[in-house]
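**Q** From the sequence below, what's the structure:
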Amino acid sequence: MAKKKQLNSVFKLVLDIGPLVLFFAANAKFGIYVATGAFMAAILIALAVSFAFTRHLAVMPLVTAVIVLLFGGLTLVLHDELFIKLKPTIIYVLFGGTLVGGLAFGKPLLGMVFDSVFHLREEGWRKLTWRWALFFFALAILNEIVWRTQTTDFWVSFKLFGVVPLTFLFAALQVPLLTKYSVDNKH
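**A** Residues are numbered from 1 along each chain as shown. Sure thing, here's the model as predicted:
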């Protein structure tokens, strides 16, 4: 089987974060409903660009796009911002649950997703998968707390200036585990 084409990491980051930046900017200028429509369009454009460069769609961005379109559509049709606020909680629970489900069946799914990037021993994949699953569940709880206790503008800002840095920080904190369980590290 031919190896899948991969996006340059900076370009991939732009495709991942770009729709969120647009969501933030559109919310600041036009409000949550225009921002939701812009976010939906940006997600589709990011998927299309990714597909144009790689000729495949990664599972996580595809699932995210489906949920964004579904809950964004409900937000716009019903004119109720509740749905776009629930979207991150659902995505985080879905991702965390999928990771735990994979572990329950003896398949650390992160290993399947990141095997071309990281080469870990089985125990490393298992620990890393648990950590990410718990992180996703924590983000779900955090999203619920923020949208239920803060303004919509604060929640939108928190998605970009809170969740994104927290995710980068969490990922950086996994470097010791990646090093310890690398197949190149025999200790």
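**Q** Just the pLDDT at Pro88, thanks.
**A** Note for Pro88: predicted pLDDT of 96.
**Q** Does anything pack onto the longest helix along the chain? Which helices or strands?
**A** Taking DSSP state H as the criterion, the chain has its longest helix at helix 122-149. Here helix 122-149 touches helix 82-104, helix 109-114, helix 152-158, helix 164-173, helix 175-180, going by 3 or more CB pairs under 8 Å, 6 or more residues apart in numbering; DSSP states H and E. The way it works is simple: take the backbone N, C-alpha and C, and place the C-beta from them, glycine included.
**Q** between those helices, which gets the lowest average pLDDT?
**A** helix 109-114 (a mean of 74).
**Q** could you dump the helices and strands packed on helix 122-149 to JSON lines with distance to Asp16 and mean neighbour count?
**A** Converted to JSON lines, the helices and strands packed on helix 122-149 look like this (distance: least, CB to CB, whole Å; neighbours: other CB atoms under 10 Å):
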{"stretch": "helix 82-104", "distance to Asp16": "13", "mean neighbour count": "18"}
{"stretch": "helix 109-114", "distance to Asp16": "14", "mean neighbour count": "17"}
{"stretch": "helix 152-158", "distance to Asp16": "17", "mean neighbour count": "17"}
{"stretch": "helix 164-173", "distance to Asp16": "9", "mean neighbour count": "12"}
{"stretch": "helix 175-180", "distance to Asp16": "20", "mean neighbour count": "13"}
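**Q** Include distance to Leu20 when you put the ones you listed into TSV, please.
**A** Formatted as TSV, the helices and strands packed on helix 122-149 follow (distance: least, CB to CB, whole Å):
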stretch	distance to Leu20
helix 82-104	10
helix 109-114	20
helix 152-158	9
helix 164-173	7
helix 175-180	24
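**Q** To Phe24, which of these lies closest?
**A** For Phe24, the closest of the helices and strands packed on helix 122-149 is helix 152-158, at 5.7 Å, according to CB to CB.
**Q** Now do the closest one: which elements does it pack against?
**A** helix 9-30, helix 32-54, helix 122-149.
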